[in-house]
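K.L.:
Predicted model follows, preceded by the sequence.
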Amino acid sequence: MPRIGVFVCQCGNNIAATVDTKKVAEEMKNLPGVVFACDYKFMCSSPGQDMLKNAIKDNKLDGVIVSACSPHMHEKTFRKACESAGLNPYQCEITNIREQCSWVHHDKTKKAGTLKSADLTRMTIERLKKNKPLAKIKIPVKKKAIVIGGGIAGIQAALDIAEGGVDVIIVEKEPSIGGNMARLSETFPTMDCSQCILTPKMVEAELHERITLYTYSEIEKVDGYIGNFTVQIRRKSKYVDEERCTGCGECIEKCPFKVDSAFELGMTKRKVIYTPFPQSVPNVPVIDAPNCTKIQKDKCGVCAIVCGPKCIDFKMEDKIVTVEAGAIIVATGYQLMPNERFGEYGYGRIKDVISGMQFERLASASGPTGGEIKRPSDGKVPRSVVFIQCAGSRDEKKGVSYCSKVCCMYTAKHTMLYSHKVHHGQSYVFYMDIRAGGKRYEEFVRRAIEHDNAMYLRGRVSRVYERDGKVLVQGADTLSGNQVEIEADMVVLATAIISRDGADTLAQKLSIGYDKYKFYNEYHPKLKPVETVTAGIFLAGTCMGPMDIPDSVAQGSAAASKVLSLFSADEMTREPITAIVNKVTCNSCWDCLTACPYSAIERDAVKNRQGVITKWLAKVNEGVCQGCGVCVAACRSKSIDLRGYTDEQVFAAINAF
Amino acid sequence: MKIKLAQSAIEGSEINQLERVTGEELKRCYQCGKCSAGCPVSFAMDIPPTQIMRFLQLGMFDDVMKANSLWVCVGCLQCYARCPQGCSVANVLEGLRQMVLRKGEDHYGVKEISARFLEKAPQQAIVCGFRKFVS
């Protein structure tokens, strides 16, 4: 006969107001197997927990029921208390008589609430009788991390992990790390030069003995689970031997062919063998194969001739590298919405309509104009510049419904940079709202308006067109209620931030969720902001949605701290609430395999005495299984059970009702 | 109304003069509307105080001068007392009045005042009226 103890919590008045807890406890005493029952004001308090521990010892209890709040609240508390009293923690079960009973009943006579609480508690008692003691699962952890994306969030995450004494690999798609931040001229609200604060971190990452850079590389395949991922990385052919290249730049200088520079957003040309920007890390050029005549037509080859250390190899091929890692941080960043989508703004048709990122390059000392604001059409200094905010953002019909968050701030910064560089120029900003929520952000915008003479106009622009070499902007000022026309020399669009091309394919490889805009989903928007539903995979930066540099850096560090705490022990413990397959009845239909959202089901080979595989059966990988129970429902031969929630337990509970 | 916005209008000479005589910085106004909300006479104005500030920011000096607002303002300074940016619309309107009066253009002819009104009105009101409406 089991020896069960029942503890009914009053939760102050939360439960006691509509449930007669004493009566519930008394009723339970009459049930077979129940040797102790009582009620108490706050079971979760220290005296409450002590009472539970003492009762276990005094009555030699082998099972405990706590009828209280939702197991989400205090299941851990009571299981720990039981464990310290020498009881298997999974012999402690919670009955939810608060959220699912007392809170939904308003009957002050306590009749209905008491009846229901007694029913629920009795069901849990019967369920507990069928419980089997469980032990926590221990999984070995491979102490190595992979950071996907070498922008500022990824660099920060990698540096923090490396400083914590763990090896990290940064996988970057482009030939250099640095990401979008490398393009920016100056940063709000302090006006630090972006390159000046970024490049030291890039170099630190390159030189750190625990960081390995895989640039010009992409994730091919991800297998495994938390603590034990196997990741295949495609190292795209650079056609340059990274080990031997000295970064002298002779090949770049002598290359006779030029194409539009993607880094400079098409505002200038680059060579076919190139580094994206002068401070590239690593400082190793790559050959842009589709545009290289040597690779395409076997003509030219000048770079290989001039290369001193002879490190150019036109026959080089992509390599697949397999890495074992315990955790993955995804920091793949963002891209900008194509401006051509908004015909009324004339982007692509009118040369002097540019994007905010192009303005960053114009204002950058390393940009195509050396930091002078010159308009693309004729290279003249623009005397009036119109900035159009929300170009694509907050536009459900043609753009995206969300706010891109950083445009208000960078546009204010643009007007400042413009007024500092072109003293007699006039800037106009069309805005819908000014969103300057951040430390010293509002003051920054006011400074642009009051000291740098930016003329802010509340309203959208309906049309941008050309007349007599001028760009005419037709908008509105809703504050004065007027239609406004401005003769501008240049127009800058604050383009919406969108997720990267291929964000969805990467998410599918990693089994992480994403929203309708293909931004990755965090586990919980408030309390688990850098975790994903897949244990061991973390997020940082703008791959989750638009955010500014301080937020991205903070998230990089947050994700790194999650990885370091995961790696703090050699073994990881997990809850044993996992599915288990009955090998005798499994008929290998593989419904479970297709149903499992976590890819936790594996095909397990069964061998005969001669060592020949006779059949394949389903097996649950305990490291991956989240205990959701989908496979249990899908299994046609009823061969899968969920530990802690077996069919036997569930039926026992239903029968007791 | 359609306006053609240009630097020359925003930084026009009248606007500069107004800022100089009043000591007010028009750019500081961020159009929250608290002045219009509290003004005891804004109901009688052609252009309410907030929009007076906006029109001036846009360089629409002539449109402001046509409005009755500058003569309706009683100078109670509630707009100034409540303004989160420390702007005084009353001060701006006083400046505008001065700019008219200093050209010798009286808003109200002294001779037009009826004798009966002068007999009934308190002395203080007459003095203030002269100060406000007459050069």
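P.N.:
That came through, no problem. Numbers count the residues shown, from 1 in each chain, chains lettered A, B, ... in the order given.
K.L.:
From here on, just use CA atoms for contacts and neighbour counts.
P.N.:
Will do.
K.L.:
Distance-wise, check residue A:231 relative to residue A:286.
P.N.:
Separation of residue A:231 from residue A:286 (CA to CA, to the nearest Å) stands at 24 Å.
K.L.:
Which one of these two is surrounded by more residues?
P.N.:
residue A:286 (24 against 21; other CA atoms under 10 Å in any protein chain shown).
K.L.:
Quick check: phi and psi on that one?
P.N.:
Phi and psi for residue A:286, reported as degrees, to the nearest 10, are phi -130, psi 150.
K.L.:
does it have beta-bridge partners, and which?
P.N.:
Beta bridges link residue A:286 to residue A:274 when assigned by DSSP bridges.
K.L.:
Mind listing the strands the host helix or strand of residue A:386 pairs with, and their directions?
P.N.:
Here residue A:386 sits within strand A:384-391, counting by DSSP states H and E. With DSSP bridges as the test, strand A:384-391 is paired with strand A:426-431 (parallel), strand A:490-495 (parallel).
K.L.:
what ranges do the helices span in chain B?
P.N.:
B:7-10, B:13-22, B:34-38, B:49-57, B:61-66, B:69-72, B:78-82, B:89-101, B:115-120, B:123-133 (DSSP state H).
K.L.:
Rebuild those as JSON lines, extending it with distance to residue A:366 and mean neighbour count.
P.N.:
Converted to JSON lines, the helices of chain B look like this (distance: least, CA to CA, whole Å; neighbours: other CA atoms under 10 Å in any protein chain shown):
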{"stretch": "helix B:7-10", "distance to residue A:366": "30", "mean neighbour count": "16"}
{"stretch": "helix B:13-22", "distance to residue A:366": "39", "mean neighbour count": "16"}
{"stretch": "helix B:34-38", "distance to residue A:366": "46", "mean neighbour count": "19"}
{"stretch": "helix B:49-57", "distance to residue A:366": "36", "mean neighbour count": "23"}
{"stretch": "helix B:61-66", "distance to residue A:366": "43", "mean neighbour count": "15"}
{"stretch": "helix B:69-72", "distance to residue A:366": "53", "mean neighbour count": "19"}
{"stretch": "helix B:78-82", "distance to residue A:366": "47", "mean neighbour count": "18"}
{"stretch": "helix B:89-101", "distance to residue A:366": "46", "mean neighbour count": "21"}
{"stretch": "helix B:115-120", "distance to residue A:366": "75", "mean neighbour count": "9"}
{"stretch": "helix B:123-133", "distance to residue A:366": "59", "mean neighbour count": "13"}
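K.L.:
Residue A:114: which of the ones you listed is closest?
P.N.:
helix B:34-38 (56.5 Å; CA to CA).
K.L.:
just how off-centre is that closest one within its chain?
P.N.:
15 Å (CA atoms, centre = their mean, to the nearest Å).
K.L.:
starting at the chain centroid, how far to stretch A:502-517?
P.N.:
Distance, centroid of stretch A:502-517 to centroid of chain: 10 Å (CA atoms, centre = their mean).
K.L.:
before we move on, what about stretch A:528-544?
P.N.:
Distance, centroid of stretch A:528-544 to centroid of chain: 3 Å (CA atoms, centre = their mean).
K.L.:
Check stretch A:616-628 too.
P.N.:
On CA atoms, centre = their mean, the centre of stretch A:616-628 falls 25 Å from the chain's centre.
K.L.:
Show me which residues of it are buried.
P.N.:
A:616-627 (16 or more other CA atoms under 10 Å in any protein chain shown).
K.L.:
Which ones among those residues lie within helices?
P.N.:
Per DSSP H, the buried residues of stretch A:616-628 never map to helices.
K.L.:
can I get these in TSV with pLDDT and distance to residue A:633?
P.N.:
Shown next, in TSV, are the buried residues of stretch A:616-628 (pLDDT from 0 to 100; distance: CA to CA, whole Å):
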residue	pLDDT	distance to residue A:633
A:616	93	21
A:617	94	18
A:618	95	15
A:619	94	16
A:620	94	15
A:621	90	18
A:622	87	18
A:623	82	20
A:624	84	18
A:625	89	15
A:626	87	15
A:627	91	12
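K.L.:
Return the member of those nearest to residue B:82.
P.N.:
The closest of these, once distances to residue B:82 are taken by CA to CA, is residue A:626, at 58.4 Å.
K.L.:
distance of the nearest residue to residue A:613 once chain neighbours are set aside from chain B?
P.N.:
Excluding the flanking residues, the one nearest residue A:613 by CA to CA, 6 or more residues apart in numbering or on different chains is residue A:607, at 4.2 Å. Look at residue A:607 and chain B: by CA to the nearest CA, to the nearest Å, they are 79 Å apart.
K.L.:
check contacts around whichever residue of the stretch 51-200 of chain A sits closest to chain B.
P.N.:
Chain B sits closest to residue A:189 of the stretch 51-200 of chain A, with a gap of 19.3 Å, by CA to the nearest CA. Applying CA atoms under 8 Å, 6 or more residues apart in numbering or on different chains to residue A:189 gives the contacts A:409, A:413, A:440-441, A:444.
K.L.:
And chain A, is stretch B:17-35 touching that?
P.N.:
Yes: contact of stretch B:17-35 with chain A (CA under 8 Å from any CA of the partner chain) involves B:27-28, B:31.
K.L.:
pLDDT of that stretch, averaged?
P.N.:
The average pLDDT for stretch B:17-35 rounds to 95.
K.L.:
can you give me the end-to-end distance of that stretch?
P.N.:
End-to-end distance (CA to CA), stretch B:17-35: 23 Å.
K.L.:
residues making contact with that stretch?
P.N.:
The contact list for stretch B:17-35, computed with CA under 8 Å, 6+ apart, reads A:446, A:449-450, A:479, B:49-51, B:53-54, B:56-57, B:78-80, B:82-83, B:85, B:87-89, B:91-92, B:94-96, B:99.
K.L.:
quick one: which of the residues of stretch B:17-35 next to chain A is most hemmed in?
P.N.:
residue B:27 (20 neighbours).
K.L.:
ok so, going back, correct me, but the residue nearest to residue A:613 touches residue A:617?
P.N.:
No: between residue A:607 and residue A:617 there is no contact under CA atoms under 8 Å: 10.9 Å.
K.L.:
per-domain residue ranges of chain A.
P.N.:
According to automatic domain parsing, chain A comprises the domains A:4-129, A:137-236+A:318-333+A:505-569, A:237-316, A:337-498, A:579-655.
K.L.:
Please identify the deepest-packed of the strands paired with strand A:384-391.
P.N.:
Most buried of the strands paired with strand A:384-391, by mean neighbour count (mean count of other CA atoms under 10 Å in any protein chain shown): strand A:490-495, with a mean of 26.
K.L.:
Quickly run through the sheet partners of whichever helix or strand comes after that one, with directions.
P.N.:
Counting by DSSP H and E, the next helix or strand C-terminal to strand A:490-495 is strand A:497-499. Applying DSSP bridges, strand A:497-499 is found paired with strand A:334-336 (antiparallel).
K.L.:
Nearest spatial neighbour of the residue positioned nearest the centre of chain B, chain-adjacent residues omitted?
P.N.:
Centroid-nearest residue in chain B: residue B:93, 2.0 Å away (criterion: CA atoms, centre = their mean). Once flanking residues are discounted, residue B:93 sits nearest to residue B:70: 5.1 Å by CA to CA, 6+ apart.
K.L.:
got a pLDDT number for that neighbour?
P.N.:
93.
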